[in-house]
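[1] following is a predicted model, sequence given first.
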Amino acid sequence: MSEENKKIVFDEKDVNENKPIAILMLICPILLILPFVIEDKKNSVYLKFYANQLLVYFICGIAASFISMILAITIIGAFLIPVILIFFPVAWIILLVGACTGEAYAVPLIGEKINFVK
């Protein structure tokens, strides 16, 4: 059974108003709280999408780092650490490109499956 790709299309006005904030959130993650505390940004689908992707990115990054540290004493950890060191910077660049272009680019492999922000 083939699964159809669900492409999220953002409102152009929403993207144009919130693109700088989305880019700043990706560069400085402490700004992740902005879509939740600024009243006129709470309804932005674009900002909520990238806030969710950033949360997925950081939680999975912390989990992957923790697991790789535990497995570092085995041969599995020796192979896992380089994969993590390549995967997470590439995933961050994908998110940044998506935020800059105004398109919905999710964290590869996991971004579309996990949704923290409603």
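    Alright, I've got the coordinates. Numbering: from 1, shown residues only.
[2] name the helix or strand of the chain that has the lowest mean pLDDT.
    Lowest by mean pLDDT, DSSP states H and E among the helices and strands of the chain is helix 34-37, with a mean of 78.
[3] got the buried residues for that one?
    34-35 (16 or more other C-beta atoms under 10 Å). From N, CA and C alone the C-beta is placed, and that goes for glycine too.
[4] now swap in stretch 9-17 and tell me
    For stretch 9-17, the neighbour count (16+ other C-beta under 10 Å) marks 10, 14-15 as buried.
[5] on that earlier part again, by contact count, what packs against the least confident helix or strand of the chain?
    Counting contacts by 3 or more C-beta pairs under 8 Å, 6 or more residues apart in numbering; DSSP states H and E, helix 34-37 is packed against helix 12-27, helix 45-71.
[6] please produce CSV containing those helices, extended by mean pLDDT and distance to Glu103.
    Below are these laid out as CSV (pLDDT from 0 to 100; distance: least, C-beta to C-beta, whole Å):
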stretch, mean pLDDT, distance to Glu103
helix 12-27, 88, 9
helix 45-71, 86, 10
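[7] and of the ones you listed, who's closest to Ile93?
    Smallest distance to Ile93 across the helices and strands packed on helix 34-37 (C-beta to C-beta): 9.7 Å, for helix 12-27.
[8] run through who's touching that closest one.
    31-32, 34-35, 41, 44-47, 50-51, 54, 92, 95-96, 99-100, 102 (C-beta atoms under 8 Å, 6 or more residues apart in numbering).
[9] one more time with 6 Å
    Residues outside helix 12-27 that contact it (C-beta atoms under 6 Å, 6 or more residues apart in numbering): 31-32, 34, 44, 46-47, 50, 95-96, 99, 102.
[10] cool, thanks, signing off.
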